[in-house]
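[1] Model the following, please.
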Amino acid sequence: MADKKLRILVTNDDGIRAPGLKVTEAIARTLTDDVWVVAPESEQSGASHSLTLTLPLRLRAADDRHFAVTGTPTDCVMMASAHLLKDQPPDLILSGVNSGINAADDVTYSGTIAGAMEGCALGIPAIALSQCYNYEDRKQIHWDCAEAHGPAVVKKLIETGWPKDVLMNVNFPDCTPDEVAGIQVVAQGVREWQEISIERRVDMRANPYFWIGFRRERFTAKPGTDLGALASKCIAVTPLQLNLTDWKVLQALKHSVDADFGKPAVPSEDSTGALIPAKERAP
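    Model prediction:
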């Protein structure tokens, strides 16, 4: 990938007008001038890896290389790779820069992660980028942190390389560029506690509606995790894999099941087309 001119697809989950999308495009343009932007028409935060199957998708061209899709980040990557760029698919996908952290448990909800995840599923190297900020003061987001350090981080990841079934998750700390203490390659962390908040309201026609949110408490982030790195004002880089199998649990469960039930039957078809276990078949 480093020996050829890169074609980069930029997407996000905050929408086509999001400031973080411009930051990602700026990062991409430090690597190549072959940059395409395909992003949701409206915000899709929390969309995870969902795709649109029951509604038609609309594609709006802002110019010859900037497009908005009435769908999710997954829809955007699909639209780009299978339609807009099908003759020459992208070599790299950059998803973000997200407004807010995408670490620990958040990765399972994140549309930003999903944009990179879909690229990974299609065999395209992908990096998710997120800029942390203080939730108590959302007016100050240090986009300059991601823009200043993003190019070097992305270049290093490209130079190093990673397996096809892995995506890279990069979080920039909530600080100015010169306050960044370094970069750490770390594991996905775990939040100690958070409470789901569902607020009931009533509209002008006396019909109830609801808002879902989270109430989070401060806690001590563990070293060696994405949350720990960010707490130390370090850039956190975490490789995430598509295969969610827990291999340790699989082996333990397999041993337990095999001990009680024996090895599973090898299916075969009889003359009626019904499946029968191998032990019941004539030799």
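[2] Which residue ranges of the stretch 51-200 of the chain form strands?
    Remark: strands assigned in the stretch 51-200 of the chain by DSSP state E, counting those that start in this stretch are 59-63, 66-69, 92-99, 126-131, 166-172, 182-185, 194-202.
[3] Make JSON lines out of these and add distance to Lys139.
    From N, CA and C alone the C-beta is placed, and that goes for glycine too. Below are the strands of the stretch 51-200 of the chain laid out as JSON lines (distance: least, C-beta to C-beta, whole Å):
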{"stretch": "strand 59-63", "distance to Lys139": "27"}
{"stretch": "strand 66-69", "distance to Lys139": "26"}
{"stretch": "strand 92-99", "distance to Lys139": "12"}
{"stretch": "strand 126-131", "distance to Lys139": "14"}
{"stretch": "strand 166-172", "distance to Lys139": "18"}
{"stretch": "strand 182-185", "distance to Lys139": "27"}
{"stretch": "strand 194-202", "distance to Lys139": "22"}
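[4] and these as a markdown table, adding distance to Lys263 and mean neighbour count?
    As requested, the strands of the stretch 51-200 of the chain are exported to a markdown table (distance: least, C-beta to C-beta, whole Å; neighbours: other C-beta atoms under 10 Å):
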| stretch | distance to Lys263 | mean neighbour count |
| --- | --- | --- |
| strand 59-63 | 51 | 11 |
| strand 66-69 | 48 | 21 |
| strand 92-99 | 42 | 30 |
| strand 126-131 | 39 | 28 |
| strand 166-172 | 32 | 26 |
| strand 182-185 | 40 | 14 |
| strand 194-202 | 43 | 9 |
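[5] For Asp226, find the nearest of those.
    strand 166-172 (5.9 Å; C-beta to C-beta).
[6] Who are the packing partners of that closest one?
    Contact here means 3 or more C-beta pairs under 8 Å, 6 or more residues apart in numbering; DSSP states H and E; on that basis strand 166-172 packs against helix 111-121, strand 126-131, helix 143-160, helix 226-231, strand 234-241.
[7] Now tabulate these in JSON lines and tack on mean pLDDT.
    Converted to JSON lines, those look like this (pLDDT from 0 to 100):
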{"stretch": "helix 111-121", "mean pLDDT": "97"}
{"stretch": "strand 126-131", "mean pLDDT": "98"}
{"stretch": "helix 143-160", "mean pLDDT": "98"}
{"stretch": "helix 226-231", "mean pLDDT": "97"}
{"stretch": "strand 234-241", "mean pLDDT": "98"}
